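Trainee: I'll drop the sequence and a predicted model, then ask my questions.
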Amino acid sequence: MGLTLVTGPAQEPLTLEQAKLHARIDTDDDDKLIVELIKAARRWVETQTHRALITSTWDYSVDWNWPINNIGQQKIRLPINPVASITSIVYQDGTSPDPTLAAADYTAVLGDFNSYIVPAYNVEWPTTRCVPEAATVRFIAGQAVGAVDPALLMGVTMLFTHLYERRDAAVEKALHEIPYGVEALISPYRPAAVIS
């Protein structure tokens, strides 16, 4: 199984100007660094919450025994939310090119949390080759810049300021000292353990 970013966000949820205003930066000397720190802050929040903040395209590959789990349910749980749409499901069955599953053959249950795909009524998943990454779901996750949840946006903003103020220290060290306010803002969005 694996998750791959196909197309990243076209822009960040926090602009250079917004970041500088929040951190009270009145010079242009560090603009390049600020842009990189905004990106680092967004990625950290996304990793911690298993969310895409800004619209992006992802591939999620599942292995040959997909999607049966230990209790026999046939769900493919998508590891990133919110999911806006499913672009395609391509699977390996030994033919060339690999076939794409018809949209009518599956039902996507999409939302802010816990998005998944199941076979459509009276349909079974296709038989795949016994190989790793036997099927790949391409999907769109995230939101438009203006629609990012305010708590998550503030988390990115506060984390950016924290990283900028500690820019002379190693970023790794700064990321181990996350301010409580950032943790408090993003903790409701951390995924709970999901029982398939």
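Mentor: Ah, there it is. Numbering: from 1, shown residues only.
Trainee: and the chain, what are its domains?
Mentor: As recorded under automatic domain parsing, the domains making up the chain are 13-53+148-189, 56-141.
Trainee: let me see the contact set for T57.
Mentor: In this structure, T57 makes contact with L5, V6, T7, T87, R138, F139, I140, A141, judged by Cβ atoms under 8 Å, 6 or more residues apart in numbering. (C-beta placed from N, C-alpha, C; glycine too.)
Trainee: go again using 10 Å as the cut-off
Mentor: Under the criterion of Cβ atoms under 10 Å, 6 or more residues apart in numbering, the contact list for T57 reads T4, L5, V6, T7, G8, P9, T87, R138, F139, I140, A141, G142.
Trainee: which among the residues you listed end up buried?
Mentor: P9, T87, R138, F139, I140, A141, G142 (16 or more other Cβ atoms under 10 Å).
Trainee: take those residues and lay them out in a markdown table including secondary structure.
Mentor: Putting the buried ones among the contacts of T57 into a markdown table (DSSP: H, G, I helix; E, B strand; the rest coil) gives the following:
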| residue | secondary structure |
| --- | --- |
| P9 | coil |
| T87 | strand |
| R138 | strand |
| F139 | strand |
| I140 | strand |
| A141 | strand |
| G142 | coil |
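Trainee: can you list those in JSON lines and add pLDDT and distance to P150?
Mentor: Converted to JSON lines, the buried ones among the contacts of T57 look like this (pLDDT from 0 to 100; distance: Cβ to Cβ, whole Å):
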{"residue": "P9", "pLDDT": "94", "distance to P150": "18"}
{"residue": "T87", "pLDDT": "97", "distance to P150": "28"}
{"residue": "R138", "pLDDT": "97", "distance to P150": "29"}
{"residue": "F139", "pLDDT": "97", "distance to P150": "25"}
{"residue": "I140", "pLDDT": "97", "distance to P150": "22"}
{"residue": "A141", "pLDDT": "96", "distance to P150": "19"}
{"residue": "G142", "pLDDT": "95", "distance to P150": "16"}
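Trainee: before I go, just wanted to say thanks for your time.
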